[in-house]
Structure formats: C-alpha cells, structure tokens
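>>> After the sequence you'll find the predicted model.
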Amino acid sequence: VYTHLNKNVFTMECSNPFVHKLELPFIQKVKVLLLSLTLLPVRLCFALLCLTFTSLLAYTGLYGLTMEDIDRTPFTGWRLYFRKMICGILRVMFFICGFHHVKVIGKQASPKEARILAVAPHSTFFDALAVIMMGAPSVVAKAETSSVPFWGSLIKYTQPVLVHRNDPNSRQNTIKHIKERSNSEADWQQVLIFPEGTCTNRSSYITFRPGAFLPGVAVQPVIIRYENTYDTVTWTWEGFPAWKCIVYSLGQFHLSCSIQFMEPYVPSDEEIKDAKLFANNVRAVMAKEVGITTTDCNYFDYLRIEKSKRRCGALQKLQRKLNSPLLESTAFIEDMSEAEAVAEVGGDDDSGAGAAAAMLCSRLGAAEDSVEVTAVLQEGLILDGQPLDLRDLRLAILIATSTDGLNTFLDNSFRWFDSSLADNTMTKENCSRILQKHLFLSVKEASEACESLQKEGLITKTDLYIYITQTKPNHFKVLKEAEDTLISNMTELLTKTAGLTAERMAARFEKVAASGSSLVSDMSATVAAGRDKMSDVLTSAATSLHKRMDSYSEKKKD
C-alpha cells in the first residue's frame, strides 16, 4: 500500500499531449492498403455482428428497467450472468480485431480493497478492451453516450454513473453518486474512472480530475499500455482522425496491449480532506511507474501556447524580410502617446486594419501589402470591435526578445497603458484587453479574471503578477513560450546582411577587373576598405543590440 507523497508534487514540462501525428513508411502503407482490402472488411463485419448480438443481450437485460431502477441496486442472478456473457463475446471481438493477447500485470483488487479503479492514460476508444478485461465495472460517462447505437446499451448495462452536462448541479450530483456507490453496503461492482477526462497521446499524465478522489476511499491505479511498432491506436484532439485510427489499427495483423494493476492507494488523512492533493499524488505514483512526465496544462492551455508559437513564427518571418531587427525598427512606437499609437493606424473596422498594415509596411521598410505584416497583425493583435494599438505590437516584440517574458509583459504594460493613473495601476478594461491579446484568453475568461482582481475598477501589477504565477500558472507558460524567439533570428539577419554585402563587393570587383587589369590594385584597396567598413557596421550593430538588451534588462531590475 502506498503512503501519501509530499503536497508539492513536481510538475514537469512536456510536449503537447493532445496531438498525435503518424506518418507510416511506404512499405507499411502498402501493407495497410492490402489488409484493408482483405482483412479489414472481415474484421468490421465480425465486430458489427458481435456488437449487434451483445446489444440485444443488453436490451434484454435492461427490459422494463428505468434509469432509477438501474441505479438503485446492483444486478444479480441472470442479469449478472448476461453481463459476463457480454464481456466474453466482446473479448472475442477484440481478439478477431487483432488484440490476440492482453498482458495482465498484477491483480485486480476486490471491491472491498478498492472501490474505485483509476485508469490512465486514456488515449483511445480501444480502451474499452480494458473495461471488458476488468469485468465491466460501473463507468463514469457522459449521459449522451447512453443513447449511442450499440455502445449506449452496453454502457447502461454496466450500471454507470452518468454525467448530465446540461444540469447545473451535474458535478455535485455525480460526486454524490460516486460517494454513495463507494460507501454502500450493497454488493456493487467497482466504479471505473478515467481521471484525465479526455484522450491524450500517452506522452505525459495531464491533470487528474478530482471526482474519483472526493469520496476519500482507497483507489486502485490501473495503467494501460499499447506497445506497438507503429502507434495506430492513439486518438487525440488533433492529428490522427478516428477513421484512420480504425483503418490503420484493424489493418495490422497483431495489436499489443497490456494492463497493469498497481497496489491500492490508501489516502492519508490530509489527502481525504484534499481531493486535489490525493489526485496529484496518485498521478505521481503512476507517472513514476510508467516513466513519463506530468503536466498541469489542459487542452485549452496548450491551444494558447500554440497561439503564442504561431505569433512568434509570424514575427520571425517578418524579421527575415526586413533589413534590421524588429527590436530596432519598431522602437519609434515607444515615443508615441496613447492617442498617437491608436489614431495613427486608423479605426476599428476592416479599412482601419488595412490602413494599419499599410502604415506599418511603410514605417518598417517592408514591401507594400506585405503578407508578413498582415500575418503578424492577425495573430491576436486585432480584436473584434477594437482598434489596433501599436504598443501591443511593440510589447509582443519585446517579449519575444526578452529572457524574462513575464516581467517584460508586466513592466511595459503598466508603463504604457493608463499612464495617467498611479504607478503600477491599470483599469480593468485595459487589463482585460492585454490578457486577450498576449495571454490569448477569451473575452469571458479575461473579464472574469479582471473582475476577481479589480478593486474599485483598478488592478495593480502585484495582483496581476500573483494571478499569473500562482492562481493561473499555466498562463505564465504562454509568455515563457515566446521568450527569446527573435534573438537567434537577429543573428541570422546580421549574417544575411553581411553575406549580401560581400556578394555585391565581389560582383563589383569582377566587373571592374574585366574592364582592365590596371584597375585591379585600386579595386583591391576598395574591397579592403569595404570589408573594414562592413566589419565596423556589424560590430556597431551587435554592440547596439547588446546595449539595447542590457537597457531593457536594467529597466526590469528597476
């Protein structure tokens, strides 16, 4: 039995667990194609036959029962025998579909030892095989799944705990239901929960939802592994579509799966009082056993991080098109007043946005109608119904050239916006706007955040700092993702400039040499002087850049 861990469970960074992309080699694609034309139809027909038959058994067993009846007492007698028959038939179905042998490690605890089974990572609809192997315990599922053809009746036959999303009291009712099952004296089967609540690519454990841990009873952690040469079974939010998952997986001769039952985790008194701590500690034990990281980011946090990456990518592309670093070429924005920064770029309609792009092309020395400039503005810098503020562009560039994105964001935001107010103070309207533009929060999320932080309509820098670093630490990762992304780009730009100058000097030398050897010595001197001058220019540019960066660092320290 595991004892509880330290309350401050360390959370590690990882790649996006909600994306799964797979590119099969050519030979493997040919194999899948051939088997899709031969083996796949047979497997699909047999699976359909098994699902039809087991659904009929489930409908028969549920005949005359309401959901209240299903929830009232555990099945016994012939209904319990039907459940075992359904599990047996579905196991045969999975065998025909390629899961010939499921490796079982450890032993499933009895309901008295652990009322709840916490199964993770949850990465595919093939996880239903694990549910069957465990004897179809009561699953926690969305109420809508009970009406899905075939699977709906099978889910209801497990006597599930259904979550009604349209019920404002759904969360409390679900927790109450789980507690009743966990503490009941009746001979209920175990409750099975996928605590992650969604599918991931198994690269890390995301935050465990507290539902399985609120009753404060022993939980048995269960680990599912798919150790195939090509990961065709994983189905996440992005990347690999469901039809490919089915076709590619059923187009394999054999699919590997293993289920590991860990020792029941008995919570400490502290964990019984704190379900979040209980969940985090169980997750840490499972992550250590599997050898993967943990992350507290949810899907929407990763969407924000991806948006930050896209903005930085757009800034990098723009910088490559310019003759000087964006840090230098946009410095003029800092000398603008609030009225100038907004008024100079036009209104908040489409024509105003077009005028903003045209003005920026001119000021930055970019080509007219530059797609790179437009792309940067479209990455969250123009909000619906609001004018573009050039200071937001400057702020995005400063964050991308900084090694301390959070303080760069806070220092400059409170320095530029609402400068007429007391130091380090901002209106909640402006705070909401910068949260939307630079942390990529929705209007609702930004409004709720500002409402919780404001005091008499004003928000202080200290309160916003605490909100980002402590209340919502995942927001900090959005700024962290942008840090330092333009610095390497500047080096490329300087190298490119030096290369172009050298090429031009060489071309000039060849042209003059062709017109007369008598001029060669003069040209050599010219080239040497040009090299010296270019060296001075590059040295000056590098020194200016370092001074600029040192200047911003000093401002942050102050």
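Received the coordinates, thanks.
>>> Could you list the buried residues of the helix or strand Q220 falls within?
Per DSSP states H and E, Q220 falls inside strand 219-225. Neighbour-count burial for strand 219-225 flags V219, Q220, P221, V222, I223, I224, R225 (criterion: 16 or more other C-beta atoms under 10 Å). No exception for glycine: its C-beta is placed from N, CA and C like everyone else's.
>>> Same list (these) but as CSV, adding pLDDT and distance to R79.
Putting these into CSV (pLDDT from 0 to 100; distance: C-beta to C-beta, whole Å) gives the following:
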residue, pLDDT, distance to R79
V219, 96, 27
Q220, 97, 25
P221, 97, 30
V222, 98, 25
I223, 97, 31
I224, 97, 28
R225, 96, 33
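>>> For the stretch 401-550 of the chain, give me the ranges with low pLDDT.
488-550 (pLDDT under 70).
>>> got it, and the chain?
Looking at the chain by pLDDT under 70, you get 1-15, 165-166, 168, 343-354, 488-558.
>>> Contacts for stretch 241-252, please.
Stretch 241-252 is contacted from outside by 22, 24, 31-33, 35-36, 39-40, 43-44, 97-98, 124-126, 228, 230, 232-235, 255, using C-beta atoms under 8 Å, 6 or more residues apart in numbering.
>>> chain center to that stretch, what's the gap?
Mean-position distance between stretch 241-252 and its chain equals 24 Å (C-alpha atoms, centre = their mean, to the nearest Å).
>>> if we can go back for a sec, got the buried residues of strand 219-225 as CSV, with distance to A120 columns?
Converted to CSV, these look like this (distance: C-beta to C-beta, whole Å):
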residue, distance to A120
V219, 11
Q220, 12
P221, 8
V222, 8
I223, 7
I224, 7
R225, 11
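>>> Now for the residues you listed: which two are most distant?
Maximum pairwise distance among those (C-beta to C-beta): 19.3 Å, between V219 and R225.
>>> dump the residue contacts of D423.
F414.
>>> likewise the one 3 residues further on?
The neighbours of M426, taking C-beta under 8 Å, 6+ apart as the test, are S413, F414, F417, D418, L458, I459, T460, K461, L464.
>>> can you check F476 too?
Contacts of F476 were listed using C-beta under 8 Å, 6+ apart, and they are L406, I468, T469.
>>> Please report how far the last one lies from C431.
In this view, T469 and C431 are 16 Å apart by C-beta to C-beta, to the nearest Å.
>>> Looking at these two now, which is surrounded by more residues?
When T469 and C431 are compared for neighbours, C431 comes out ahead with 27 against 12, by other C-beta atoms under 10 Å.
>>> so the more buried one makes contact with E448?
No - using C-beta atoms under 8 Å, C431 is not in contact with E448, being 12.0 Å away.
>>> can you pull out the strands in the stretch 201-350 of the chain?
Assigned by DSSP state E, counting those that start in this stretch, the strands in the stretch 201-350 of the chain fall at 204-205, 219-225, 238-239, 257-261, 293-294.
>>> same check, this time on the chain
For the chain, the strands defined by DSSP state E occupy 19-20, 102-105, 116-120, 138-142, 161-163, 191-193, 204-205, 219-225, 238-239, 257-261, 293-294, 425-427, 458-460.
>>> residues near A400, how many?
25.
>>> Dump the strands of the chain into a markdown table; add distance to E328 as well.
Formatted as a markdown table, the entries for these read as follows, by distance: least, C-beta to C-beta, whole Å:
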| stretch | distance to E328 |
| --- | --- |
| strand 19-20 | 36 |
| strand 102-105 | 60 |
| strand 116-120 | 49 |
| strand 138-142 | 54 |
| strand 161-163 | 55 |
| strand 191-193 | 55 |
| strand 204-205 | 39 |
| strand 219-225 | 52 |
| strand 238-239 | 37 |
| strand 257-261 | 57 |
| strand 293-294 | 39 |
| strand 425-427 | 28 |
| strand 458-460 | 32 |
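>>> V371 is nearest to which of those strands?
Comparing these by C-beta to C-beta, strand 238-239 comes nearest, at 25.3 Å.
>>> What strands flank the closest one, and is each parallel or antiparallel?
strand 19-20 (parallel) (DSSP bridges).
>>> Can you tell me what sits against the strand it pairs with?
N201, D231, T234, W235, T236, W237, E238, G239, F240.
>>> Looking at the contacts of stretch 241-252, which are in helices?
Judged by DSSP state H, those include K31, V32, L33, L35, S36, L39, L40, R43, L44 as members of helices.
>>> What's the local residue count around the fourth one?
In other words, L35. By other C-beta under 10 Å, neighbour count at L35 equals 18.
>>> what residues are up against it?
G251, Q252, F253.
>>> rerun at 7 Å
Each residue near L35 by C-beta atoms under 7 Å, 6 or more residues apart in numbering is listed here: G251.
>>> From H100, how far out is it?
Using C-beta to C-beta, one gets 15 Å for the distance from L35 to H100.
>>> ditto for the first one
Using C-beta to C-beta, K31 is found at 18 Å from H100.
>>> returning to what we had before: return the member of the contacts of strand 19-20 nearest to E334.
E238 (38.1 Å).
>>> Report the beta-bridge partners for the closest one.
Beta-bridge partners, per DSSP bridges, of E238: V19.
>>> Quick one: neighbours of it, just the number.
15.
>>> same question, V342
V342 has 20 nearby residues by other C-beta under 10 Å.
>>> which ones are touching it?
P387, D389.
>>> how much space is there between it and M336?
9 Å.
>>> what's the answer for R415, then?
13 Å.
>>> Need the residues that contact stretch 371-383.
Residues from elsewhere that reach stretch 371-383, judged by C-beta under 7 Å, 6+ apart: 307, 310-311, 314-315, 317-318, 321, 353, 356-357, 360-361, 366, 388, 392-393, 396, 436-437, 440.
>>> which of those residues are buried?
So, by 16+ other C-beta under 10 Å, the buried ones in those are 307, 311, 314-315, 318, 353, 356-357, 360-361, 366, 388, 392-393, 396, 436-437, 440.
>>> Which ones among these map onto helices?
Counting by DSSP H, the buried ones among the contacts of stretch 371-383 contribute 307, 311, 314-315, 318, 353, 356-357, 360-361, 392-393, 396, 436-437 to helices.
>>> neighbours around D301, how many?
There are 22 residues near D301, going by other C-beta under 10 Å.
>>> Chain neighbours aside, what residue packs nearest to I305?
E481 (5.1 Å; C-beta to C-beta, 6 or more residues apart in numbering).
>>> rewinding a little: which of the ones in helices among the buried ones among the contacts of stretch 371-383 sit farthest apart?
With C-beta to C-beta as the measure, no two of those lie farther apart than C361 and Q436, at 25.2 Å.
>>> Looking at the strands of the chain, which is nearest to A275?
Per C-beta to C-beta, nearest to A275 of these: strand 219-225, 10.9 Å.
>>> Strand 257-261 and the closest one, what's the angle between them?
160 degrees (axes from the mean of the first three to the mean of the last three C-alpha atoms, to 10 degrees).
>>> tell me what strand 219-225 is packed against?
strand 116-120, strand 257-261, helix 275-290 (3 or more C-beta pairs under 7 Å, 6 or more residues apart in numbering; DSSP states H and E).
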